[in-house]
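# Would you be able to build a 3D model of this:
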Amino acid sequence: MRRRTVLLPLLAATAAGGLALTGTPAASAGVHHDRGPTVVGPYKHLVVIYEENHSFDNLYGSWGRVGRDRVDGLGSASPQHTIQVDQNGTPYRCLKQVDVNLTSPPLPATCTDTAHAITSFFRNRPFTIDDFIQPQDTTCPDPSKFGPANGVPKGQGLPGGCTRDIVHRFYQEKYQINGGKQNRYVTGSDAVGLVMGHYDTWDLPIYQYLHSGGAPNYVIADHFFQAANGGSFLNHQWLVAARSPIDTMPVVQTPTGPLDQHSILDANGFPNASYPLYKPTTTNVKDAPLTQACGLPTTNPKLVCGDYAVNTMQPAYAPTAGGTSTLPAIDSSKYPTIGDRLMARNISWNWYSGGWDAVLKDPKSAPLFQFHHQPLNYFTSFAPGTVGRTHLKDETQFIAAAKNGTLPTVSFVKPYGAENEHPGYASEHEGSDHLVDLIKTITSGPQAKDTLVVVTYDEFGGQWDHVSPPGKGSSTRGVYDRFGPGTRIPALLVSARMTRSGVDHTVYDTTSILATIEHGLGLAPLSTRDARVNDLRRAVSLGDGRHR
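Next comes the predicted model:
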């Protein structure tokens, strides 16, 4: 494969100043940016494609050079941010593996770690997943049912090269990041050594497409972090509301009695006793949907407490899986979303989700539709029968709008489970193929020159990355609060209008997307986080050739 030659102005990293914020709702007035006919720069339409569960190093770690600049990838990782240690700080010699296609057998046991009772093929360092599980391998589960926890053995599943899933939860990620050292991802994971795996970036469909003849220019943002620690549920909430939701019913009545949904942590701030390499300091731990309760003897004073919903909970409105972990509807009048802001100003926008129409007709027809990936469905202003509900649409309507030249000012696109790149139930390469198809549709449509596409991922999927997120004492200067940001994630800006490709080293997080919309359209911020983060204007100007 030949790499397309691209030009890049050398761009210095910028920072937001290491401000510790609370993530609480901000006032609805006091906008200080001029309203204009465009969302950002020259663009009248912004499309946000929200993929699933990959750290930056896991997907883009070997991206390499773009013109005269180099992406901050695996080659930049220091040993201090790479070598994984146990809970006592002792480095592992080998990586324990539990994915059925990475264990020994079937792979030979060429590494022995007597101190940790590990025999493995893998030494304590990053490895390329494609060397062991290739895109065509039959390791993907039947979509109609959950696959085995440790993955599907080769020859027993569907093609796609799926790995097993990896834990990605709030307190676990805080522990794994280890104050910016990035060295406890293995210890704090149910998938242990798999967290150090990464894909061959140059073989990914998105990379090959962007470096093929006639492809649009792009900007890769290599210091873009997930807004909050943890998983998909919470980071979708931060994408639309810039805050962690509060559960107004933290104790649920069940047929067997009251169920308290607060987490309980050990002295290290860890909530789980079932992982292969972590031993809690106490048996009284609980891995639950909510943060730890405040004011109890079990409260870990170093970590956030209260009734915040930080791990997966279901929406109160259909479509939903229901159950005891259902979040009461969030009052939009008290905690508005970006959708509420746009509706109040009569600015066109929609949230498009793959499988939305199908799951509304028959939930069984879309087994990989993820209810907790629909963040607006948690808010009262998007309840069935409301005006807001009309802005929740199927992905097929987005594709039609892109082809017909009828895109709204702001579009959020959430691919269906089988096409969103999520480890465990989706093929990375097939999901990347779908991403390419979406970008091609947009950049060949009637509004191509007026449309900016932002591609990013909701969260890290439990996978290691070597760059410290902003935080107290971190070498990465940026805005942070008690909820995040978390691990670095992939981010691309693509447009048929861009005149050059490049690398933007500016520090961003998920709420930078909200800040971009708010600043460009004259909307008030939703919280203290999106009020202070960098918006994406620097990346846009780089792609448009205005920063050299």
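# Val98 - how many residues pack around it?
18 (other CB atoms under 10 Å). All C-beta spots, glycine's among them, are computed from the backbone N, C-alpha and C.
# and the residue nearest to it when sequence neighbours are not counted, what element?
Leaving aside its sequence neighbours, Val98 sits nearest to Asn150 (CB to CB, 6 or more residues apart in numbering; 5.1 Å). Counting by DSSP states H and E, there is no helix or strand that carries Asn150.
# dump the residue contacts of Asn150.
Val98, Asp99, Val100, Arg164 (CB atoms under 8 Å, 6 or more residues apart in numbering).
# again, but for Asn183
Contacts of Asn183 by CB under 8 Å, 6+ apart are Gln80, His81, Thr82, Ile83, Gln84, Val85.
# Mind doing that once more with 6 Å?
By CB atoms under 6 Å, 6 or more residues apart in numbering, Asn183 lies in contact with Gln84, Val85.
# Mind pulling up the pLDDT for it?
Note on Asn183: pLDDT of 98.
# same thing with His32?
For His32, the model assigns a pLDDT of 33.
# picking up where we left off before, quick check on the contacts of Asn150: which are buried?
Val98, Asp99, Val100, Arg164 (16 or more other CB atoms under 10 Å).
# Leaving aside the residues adjacent along the chain, what's closest to the last one?
Nearest non-adjacent residue to Arg164, counting by CB to CB, 6+ apart: Gly151, 3.6 Å away.
# Now do stretch 59-78, average pLDDT.
For stretch 59-78, the per-residue pLDDT averages 97.
# shift numbering so it begins at 14
New numbering, starting at 14: the last item is stretch 72-91.
# end to end, how far does that stretch reach?
18 Å (CA to CA, to the nearest Å).
# about what we covered before: filter the contacts of Asn163 down to just the ones in helices.
Judged by DSSP state H, helices contain none of the contacts of Asn163.
# Out of those residues, the closest to Glu64 would be?
The shortest gap between Glu64 and any of these belongs to Arg177, at 18.9 Å (CB to CB).
# was I right about that closest one contacting Val165?
No: assessed by CB atoms under 6 Å, Arg177 is found out of contact with Val165, at 8.4 Å.
# now the strands for the stretch 14-163 of the chain?
33-34, 58-64, 78-79, 82-83, 124-126, 131-133, 140-141, 151-153 (DSSP state E, counting those that start in this stretch).
# Ranking those by mean neighbour count, which comes first?
By mean neighbour count, with neighbours taken as mean count of other CB atoms under 10 Å, strand 58-64 ranks first of these at a mean of 24.
# Could you name the helices and strands sitting against that strand?
strand 423-427, strand 464-470 (3 or more CB pairs under 6 Å, 6 or more residues apart in numbering; DSSP states H and E).
# Try it again at 10 Å.
helix 245-254, strand 362-366, helix 408-417, strand 423-427, helix 441-456, strand 464-470, strand 504-508, helix 524-534 (3 or more CB pairs under 10 Å, 6 or more residues apart in numbering; DSSP states H and E).
# how distant is that strand from the center of its chain?
13 Å (CA atoms, centre = their mean, to the nearest Å).
# Give me the pLDDT for the nearest residue to Met326 once chain neighbours are set aside.
With sequence-adjacent residues excluded and distances taken as CB to CB, 6+ apart, Met326 is closest to Leu340, at 4.2 Å. On the pLDDT scale, Leu340 is placed at 98.
# that older thread, quick one: the residue nearest to Arg177 from Leu171, how far?
13 Å (CB to CB, to the nearest Å).
# Show me whatever sits in contact with both of the two.
Shared contacts of Gly164 and Leu171, defined by CB atoms under 10 Å, 6 or more residues apart in numbering, comprise Thr152, Cys153, Pro154.
# Which residues are in contact with the last one?
When contacts are counted by CB under 10 Å, 6+ apart, Pro154 is found next to 160-161, 164-165, 169-171, 173, 175, 177-178, 437-439.
# From Ala439, how far out is it?
From Pro154 across to Ala439, the span is 10 Å (CB to CB).
# so what sits against both of the two?
Gly173, Cys175, Asp178.
# Quick check: closest non-adjacent residue to the last one.
The reference is to Asp178. Per CB to CB, 6+ apart, closest to Asp178 is Gly437, 2.9 Å.
# quick one on the thing from earlier: tabulate the helices and strands packed on strand 58-64 in CSV, adding columns for mean neighbour count, mean pLDDT and distance to Phe69.
Compiled in CSV, the helices and strands packed on strand 58-64 are given as follows (neighbours: other CB atoms under 10 Å; pLDDT from 0 to 100; distance: least, CB to CB, whole Å):
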stretch, mean neighbour count, mean pLDDT, distance to Phe69
helix 245-254, 27, 98, 15
strand 362-366, 24, 98, 25
helix 408-417, 18, 98, 25
strand 423-427, 24, 98, 20
helix 441-456, 21, 98, 14
strand 464-470, 25, 98, 9
strand 504-508, 25, 98, 8
helix 524-534, 26, 98, 15
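# burial count for Thr127?
9.
# quick one: it from Lys292, how far?
According to CB to CB, Thr127 and Lys292 sit 18 Å apart.
# rewinding a little: list residues touching both of Arg177 and Val165?
What both Arg177 and Val165 touch, as defined by CB under 10 Å, 6+ apart, is the set Asp112, Val113, Asn114, Thr152, Pro154, Gly437.
# And the closest residue to the fifth one other than its chain neighbours, what's its pLDDT?
Taking CB to CB, 6+ apart, and ignoring the residues beside it in sequence, Pro154 has Gly160 as its nearest neighbour in space, at 2.7 Å. Confidence at Gly160, expressed as pLDDT, is 83.
# do Thr296 as well
88.
# what do you get for the one 3 residues further on?
Each residue has a pLDDT score; the one for Lys299 is 97.
# In contact with it, which residues?
So Lys299 contacts Asp273, Gln274, His275, Ser276, Ile277, Leu278, Pro284, Asn285, Ala286, Gln305, Thr311 (CB under 10 Å, 6+ apart).
# Return the residues in contact with the first one.
Asp273 sits next to Pro263, Val264, Val265, Lys299, Ala301, Leu303, Ala306 when contact means CB under 10 Å, 6+ apart.
# I'd say Ala528 and Leu549 touch.
Yes: in this structure, Ala528 is within contact of Leu549 by CB atoms under 10 Å, at 7.9 Å.
# Out of the contacts of Pro154, flag the one nearest to His447.
Ala439 (9.6 Å).
# quick one: secondary structure of Pro284?
coil (DSSP: H, G, I helix; E, B strand; the rest coil).
# Leaving out the residues flanking it, which one is nearest to it?
Asp300 (4.3 Å).
# what's the answer for Tyr493, then?
Per CB to CB, 6+ apart, closest to Tyr493 is Pro483, 4.3 Å.
# do the same with Ser345
Closest to Ser345 by CB to CB, 6+ apart is Ser394, at 3.7 Å.
# Same question for Leu381.
Gly430 (2.9 Å).
# where's the one you found relative to Ser366, distance?
From Gly430 to Ser366 the distance is 10 Å (CB to CB).
# returning to what we had before: for my notes, confirm the residue nearest to Tyr493 occurs in a strand.
No: counting by three-state DSSP, Pro483 is not found in a strand; it is coil.
# Can you get me a residue count around it?
Applying other CB under 10 Å, I find that Pro483 has 26 neighbouring residues.
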